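Asks: Predicted model and sequence follow; I will ask about them next.
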Amino acid sequence: MNPTSDNPQTSTTKPVRILVAEDSPLNQQVTLKQLEKLGYAADAVLDGSQALEAHARTPYDIILMDCQMPGISGYEATWQIRNREQEKAGAAEAGKRVYIIAMTANTQADNREKCTSAGMDGFINKPVLLAELEVALVHALADQTATKEMEGVIDPLIIASLHQLRTPGKPDPLIELIDLFLREAPTQLDTMNDAVAKNDLSSLSRTISAATALKGSAGNLGARNLAALCDEIEQTAKTWMLADVQPLIERAREEFGRVRVALEKIKGQ
Amino acid sequence: MDSPNSFDPAAIERLCRLGGNKFAVEMIELFFGYGGKKLAAARESQQSGSLAALAEAAHPLKSSAGNVGAVRVQTLAAQVEQSAMEQKAALAGSQLAELEIAFAEVKSILETEKARLVKPPS
């Protein structure tokens, strides 16, 4: 079935939590009806302040955010949501990153850059057409699936916070950090492997040093599993149980393979 | 009155396909109420010399108008917003006057559309 066709409303609602933040009641009603037609239920608010309250209450998957609303604009609300997400990164109650689609009647070329800088992920022109909304939602959901797959390997909130360190006209610090990590990590893993094979006191020290260094750089990039494995290697080596370290190094190598794939994807985005 | 570019009937057809005739009529009525309110706010802002408030009032008219096919209102609202943002008070004022006329014109067209949509099939 083509959901953009004239078929009656989809009978089952898709399990996606959507918030529409739009100050024009006409635009809001049209967007809600379009979502209903595409099989989504959604909550709606009339300004940026209400959007922030709703986001604090409900872990939405997607927010359709009008850029220019009275009071707190869509740009400002998005910026505050991203700050909240970063503050929670690593905390016990760490939430997920909501996908924010800008809805704007502002067609100026620099507006897209403004949306991206504020932390918005997608962009749709107003008045919103059903087919365009459907495409934007498909992109949002595909992106979230990819993010979920990657989340077990790399913490996306750490990557998002590193993204924000970018300065126009200067090299991207995230890319530099990834490149450095991908260059050094294999050497550190080899160092651990060779040292454990020699099984003497100086080898122990080299293993601990390499594991500590890799733990730090993996942690900086949000590779939590790899950092945890390096910590285990470090702690086990400190007890002189070098025989127990070898299988941990193998697991760290396998995890590094997954981290490398994820980081290469991030570099390509 | 009904210049070729002032109204796009395809927008009303889209609303009918989306939610039926009743929904399309409700959206037209919302446009009358919300659009009228924003237009009044724009005039008040222009008279008090607040160009920022004028731009803020014209902006939502732009996208709301697009949903009911009020093409000329959409275009003029965009022009008023732009002129107000560029601090061109006189130009924004004359464009606002045109916008008020265009709103009245499209209201009349949309009243006819409403009548057509609520008419029982013969």
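Replies: Looks like it arrived, so ask away.
Asks: got the residues of chain B near chain A?
Replies: B:11, B:14-15, B:17-19, B:23, B:26-27, B:30-31, B:34, B:56, B:59-60, B:62-64, B:66-68, B:78 (C-beta under 8 Å from any C-beta of the partner chain). Backbone N, C-alpha and C define where each C-beta goes, glycine included.
Asks: Residue A:215 is in contact with residue A:234, correct?
Replies: Yes: using C-beta atoms under 8 Å, residue A:234 is in contact with residue A:215, at 6.6 Å.
Asks: Identify the contacts common to the two.
Replies: Common neighbours of residue A:234 and residue A:215, using C-beta atoms under 8 Å, 6 or more residues apart in numbering or on different chains, do not exist here.
Asks: model confidence over stretch A:58-77, on average?
Replies: Per-residue pLDDT values over stretch A:58-77 give a mean of 94.
Asks: Just the residues contacting the helix or strand of chain A with the lowest mean pLDDT, thanks.
Replies: Across the helices and strands of chain A, mean confidence by mean pLDDT, DSSP states H and E is lowest for helix A:156-163: a mean of 77. Contacts of helix A:156-163 with the rest of the structure, by C-beta under 8 Å, 6+ apart, involve A:82, A:85-86, A:88-90, A:94, A:97, A:119, A:147, A:150, A:173-174, A:177, A:220-222, A:266.
Asks: now the strands: where do they sit in the chain?
Replies: No chain in the question, so chain A it is. A:18-21, A:42-45, A:62-66, A:99-104, A:122-125 (DSSP state E).
Asks: what's the spacing between stretch A:29-36 and its chain's center?
Replies: 27 Å (C-alpha atoms, centre = their mean, to the nearest Å).
Asks: got it, and stretch B:69-78?
Replies: 6 Å.
Asks: now stretch A:127-136
Replies: In terms of C-alpha atoms, centre = their mean, the centre of stretch A:127-136 is found 24 Å from the chain centre.
Asks: How about it, which residues are buried there?
Replies: Using 16 or more other C-beta atoms under 10 Å in any protein chain shown as the test for burial, stretch A:127-136 gives A:127-130, A:133-134, A:136.
Asks: how near is the residue nearest to residue A:150 when sequence neighbours are not counted to chain B?
Replies: Nearest residue to residue A:150, sequence neighbours excluded (C-beta to C-beta, 6 or more residues apart in numbering or on different chains): residue A:262, at 5.0 Å. Note on residue A:262: its distance to chain B, by C-beta to the nearest C-beta, to the nearest Å, is 38 Å.
Asks: which residues sit in contact with residue A:262?
Replies: A:150, A:153-154.
Asks: Chain B contacts on the stretch 1-150 of chain A?
Replies: A:6, A:23-27, A:29-30, A:33-34, A:37, A:68, A:70, A:105, A:126-127, A:129-130.
Asks: can you tell me which of those are in helices?
Replies: When the residues of the stretch 1-150 of chain A next to chain B are checked against helices (DSSP state H), the matches are A:25-27, A:29-30, A:33-34, A:37, A:130.
Asks: Same list, these, but as a markdown table with pLDDT please.
Replies: Putting those into a markdown table (pLDDT from 0 to 100) gives the following:
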| residue | pLDDT |
| --- | --- |
| A:25 | 95 |
| A:26 | 96 |
| A:27 | 96 |
| A:29 | 97 |
| A:30 | 97 |
| A:33 | 96 |
| A:34 | 96 |
| A:37 | 93 |
| A:130 | 91 |
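Asks: which of those residues count as buried?
Replies: Applying 16+ other C-beta under 10 Å to these flags A:25-27, A:29-30, A:33-34, A:37, A:130 as buried.
Asks: and which of the residues you listed is nearest residue A:46?
Replies: residue A:25 (7.6 Å; C-beta to C-beta).
Asks: pLDDT wise, what is residue 119 at?
Replies: I went with chain A, as the question did not name one. pLDDT, residue A:119: 90.
Asks: To clarify, I was referring to chain B.
Replies: pLDDT at residue B:119 comes out at 81.
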